[in-house]
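**Q** here's my sequence, what's the structure:
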Amino acid sequence: MRILITNDDGINAPGLKVLETIARSLTDEENIFIIAPTSERSGVAHCVSYNEPMRLDKISKNRYSISGYPADCVIAGIHHVMKKDPPSLVLSGVNRGNNSAENVLYSGTIGAALEGALQGITSIALSQYLGPESEKMSNPFNPAIHNGLSVIHKILDNDKHTEGGYRVFYNVNFPPTEIIKGVAVVPQGLRPNTSFGVSPFKTHSGKEFLFIKGGNQHIKVSQNSDVAANLSGYISLTPMRADLTAIDRMADFEENQ
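**A** Coordinates of the predicted model:
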C-alpha cells in the first residue's frame, strides 16, 4: 500500500505526526509520503493554486512542503512526487479541531480528501474535536492516537467503488473525550446559529480590520449527525461525495417547466 499524507495545519503540525505514526502500522515506511503546506492553510476548503505556481521543497526522504493548499498537495503527490508509483490511499489530518457539520464546507482537511477522491483514490479526512476535556489529556490527540488505526481499517474493509459518478471519500471526527463509546456512521449535521461572522478592530490611526470568527462548536443538537455523535462520545464516520446537487428540490422545478 502506498500512502500520501497531507493536512491543512502545515508541515510542522502535531496532528500530521500523529497520522504519520498511524500510517506506519498500515504499510512500510518507504511507502509513506508526506506532502503538506509550508504554513497553516485552515479554512481554504478545496482551493487550488490555479493562477500561480507552487514552490515544492524536499525536506527529507519522502517528506515535502508546498507553498500552496491541501488540495494542491494531493495533486502534486499524485502527478509529480509519486507519479511513477501513485498512492492507493490519501490520508488528510489529523486536523486540530473538528470538521463536523458546517465545518466540512470550509475545511482544507476535507478539501484534500475530496481531491483524492476526484483523482480516483480512496481518501480519508481525520479530525480531532477539542473541548474542555482535551486540556486535561496528556495529548489532545489521544482519541485519534488510540483509535485512528482501527477506524481506518474499518473504512478500508468496507470501501467500495463502482465505475462512473463521484467517488466516495470519508470524513472521520474523533470526540473530545478519551472515553470512546464506539464508531457511529452518521450523516453530516448542522449546528444552529453557528455561521461565521466578524470581529472588527480599529487601530489608533483609524484603519479598520476584520477578524473572521466561528460559532460555538459545542451546541447540543438533536439530529442524528456527526456533531451529535462527537459530543456524545462517539467517533463519527461519514461517507461523502463531491456532488452538491439538492436532489430533493429538482422535482419542484421540473413540475413548473
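
**Q** look up phi and psi at the residue lying closest to Asn142 once chain neighbours are set aside.
**A** Of all residues not flanking Asn142 in the chain, Glu178 sits nearest, at 5.5 Å (C-beta to C-beta, 6 or more residues apart in numbering). Every C-beta, even on glycine, is put in place using the N, C-alpha and C of the backbone. Here is the backbone geometry of Glu178 (degrees, to the nearest 10): phi -90, psi -10.

**Q** any idea how far Val227 is from Glu178?
**A** Distance check for Glu178 against Val227: by C-beta to C-beta, to the nearest Å, it reads 19 Å.

**Q** the more surrounded of those two?
**A** Set Glu178 next to Val227 and count neighbours by other C-beta atoms under 10 Å: Val227 wins out with 27 against 18.

**Q** check which helix or strand covers that one.
**A** Taking DSSP states H and E as the criterion, Val227 maps to helix 226-231.

**Q** helix or strand right after that helix?
**A** Counting by DSSP H and E, the next helix or strand C-terminal to helix 226-231 is strand 234-240.

**Q** for that next one, C-alpha coordinates in PDB please.
**A** Output in PDB follows, covering the C-alpha atoms of strand 234-240 (Å, rounded to 0.1, in the frame of the first residue of the first chain):
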ATOM      1  CA  TYR A 234     -18.600   8.600  19.500                       C
ATOM      2  CA  ILE A 235     -16.200   8.700  16.700                       C
ATOM      3  CA  SER A 236     -18.200   9.900  13.700                       C
ATOM      4  CA  LEU A 237     -17.700   8.200  10.300                       C
ATOM      5  CA  THR A 238     -19.400  10.000   7.300                       C
ATOM      6  CA  PRO A 239     -19.100   8.800   3.700                       C
ATOM      7  CA  MET A 240     -19.200  11.800   1.400                       C
END
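
**Q** got the contact list for the residue nearest to Asn142?
**A** Glu133, Met137, Asn142, Pro143, His146 (C-beta atoms under 8 Å, 6 or more residues apart in numbering).

**Q** if we can go back for a sec, list the helices and strands the helix holding Val227 packs on?
**A** Contact here means 3 or more C-beta pairs under 8 Å, 6 or more residues apart in numbering; DSSP states H and E; on that basis helix 226-231 packs against strand 169-174, strand 234-240.

**Q** state the mean pLDDT of the last one.
**A** When the per-residue pLDDT values of strand 234-240 are averaged, the result is 98.

**Q** buried sites along that strand?
**A** Residues of strand 234-240 classed as buried by neighbour count (16 or more other C-beta atoms under 10 Å): Tyr234, Ile235, Ser236, Leu237, Thr238, Met240.

**Q** and those as a markdown table, adding distance to Gly214?
**A** As requested, these are exported to a markdown table (distance: C-beta to C-beta, whole Å):
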| residue | distance to Gly214 |
| --- | --- |
| Tyr234 | 22 |
| Ile235 | 22 |
| Ser236 | 19 |
| Leu237 | 23 |
| Thr238 | 20 |
| Met240 | 21 |
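
**Q** how about those, which pair is most distant?
**A** Tyr234 and Met240 (17.6 Å; C-beta to C-beta).
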